[in-house]
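**Student:** from the sequence below, what's the structure:
(one chain, ligands or ions: 1)
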Amino acid sequence: MRRPVIAGNWKMHKEFSEVVSYATRFAKAISDVRDSDIIICPPFIYLRTLVEAFKDTPVSVGAQMMYWEDKGAYTGEISGPMLKSTGVEYVIIGHSERRQYFGETDDTVNLRIKAALRNHIIPILCVGETLEQRENSETFDVIDRQLLQGLDSLEAASAESIIVAYEPVWAIGTGKTATPEIAQEVHERIRHVLSSMFGSHTAEEIRILYGGSVKPDNVDELMRQKDIDGALVGGASLDPESFERIVRYKE
Ligand code: PGA
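**Tutor:** The predicted model follows:
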């Protein structure tokens with residue numbers, strides 16, 4: 001049985017005072033949840049505040065990206081050892097917004113994934129096709145390439161701990177969710193590719209999340225799909241009540 005993961009990606013939202021009041025309310029609201037891994041990924045400057053606020057609660061903290069070198073003259077970058085020493089346990093790698101606006105490629109995704117694993121931080125690798133690619137029937141080609149290159153030359157033993165998030169670009173922040181059937185079809189494909197890369201045992205262990213306009217009113221049906229092991233939630237994670245409802249999805 002794969003343990004479900006519900007992760008919130010705050011992107012570039014919230015000011016400091018909102019972060020503190022969110023943490024207080026959310027920690028109280030979900031203190032009894034034991035059956036899922038709950039993760040919040042705020043902007044870098046709030047990581048330490050949230051690590052402290054969520055100490056002794058079921059919530060873990062993740063970063064939204066990281067650099068692949070451990071240290072050096074790379075002005076503005078944040079490294080794996082820095083995140084680890086701050087108490088960060090997860091990191092999102094290759095989000096489509098990083099690929100679209102900041103030049104992230106499958107090769108740099110691969111370097112970051114390896115750096116995260118080297119630093120004992122669990123990477124959440126995002127993959128997904130654009131609307132144009134879906135309309136040209138290229139979805140599986142895109143997903144296959146992003147997985148094969150993004151996870152190139154990883155050992156099965158370390159691949160087991162990673163999390164993959166299927167985030168169709170056309171469903172992110174648009175209010176258009178992939179139907180549970182479309183999502184399941186791609187999740188099944190992802191597990192098939194992972195199996196060809198790392199063997200079926202490892203592929204069965206890897207958690208695959210769906211992301212793209214997940215909301216309180218569609219999470220239940222998505223979570224009922226066989227290969228959907230959780231959700232990566234953007235907009236609906238910004239409000240503690242709606243994120244609590246998503247964490248308390250009903251299968
Ligand atoms: P959304 O974002 O839930 O606002 O669509 C998801 C994501 O980009 O991780």
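**Student:** where exactly do the strands run in the stretch 51-200 of the chain?
**Tutor:** Ranges of strands within the stretch 51-200 of the chain are 59-63, 90-93, 122-127, 163-166, based on DSSP state E, counting those that start in this stretch.
**Student:** would you mind confirming that residue 61 is in contact with residue 39?
**Tutor:** Yes. Proximity of residue 61 to residue 39 meets the contact threshold set by Cβ atoms under 8 Å, at 7.1 Å. In short, each C-beta sits where N, CA and C put it, glycine included.
**Student:** for the stretch 101-250 of the chain, which residue gets nearest to the ligand?
**Tutor:** Using Cβ to the nearest ligand atom, the closest approach of the stretch 101-250 of the chain to the ligand is made by residue 234 at 2.2 Å.
**Student:** so what's that residue closest to, chain neighbours aside?
**Tutor:** residue 9 (5.1 Å; Cβ to Cβ, 6 or more residues apart in numbering).
**Student:** same question, residue 150
**Tutor:** residue 109 (4.4 Å).
**Student:** what number of residues lie near the one you found?
**Tutor:** By other Cβ atoms under 10 Å, 25 other residues sit near residue 109.
**Student:** repeat that for residue 221.
**Tutor:** For residue 221, the neighbour count with other Cβ under 10 Å is 17.
**Student:** what helix or strand is it on?
**Tutor:** Using DSSP states H and E, residue 221 sits in helix 219-223.
**Student:** with residue 22 instead?
**Tutor:** Per DSSP H and E, residue 22 falls inside helix 16-29.
**Student:** which helices and strands sit right next to that helix?
**Tutor:** helix 47-53, helix 240-247 (3 or more Cβ pairs under 8 Å, 6 or more residues apart in numbering; DSSP states H and E).
**Student:** which elements pack onto the very next helix or strand once past it?
**Tutor:** Using DSSP H and E, the helix or strand that follows helix 16-29 towards the C-terminus is strand 37-41. Packing partners of strand 37-41 (3+ Cβ pairs under 8 Å, 6+ apart): strand 5-9, strand 59-63, strand 90-93.
**Student:** report the strands that pair with strand 37-41, each with its relative direction.
**Tutor:** strand 5-9 (parallel), strand 59-63 (parallel) (DSSP bridges).
**Student:** out of those, which gets nearest to residue 239?
**Tutor:** strand 5-9 (10.1 Å; Cβ to Cβ).
**Student:** could you pull out the buried residues of the closest one?
**Tutor:** For strand 5-9, burial by neighbour count (16 or more other Cβ atoms under 10 Å) applies to 5-9.
**Student:** can you list contacts of it?
**Tutor:** Applying Cβ atoms under 8 Å, 6 or more residues apart in numbering, the contact partners of strand 5-9 are 36-41, 62, 64, 90, 92, 95, 124, 163, 165, 207, 209, 211, 229-234, 237-238, 243, 246-247, 249.
**Student:** now with 6 Å, please.
**Tutor:** With contacts defined as Cβ atoms under 6 Å, 6 or more residues apart in numbering, strand 5-9 is touched by 36-41, 207, 209, 230-234, 237, 243, 247.
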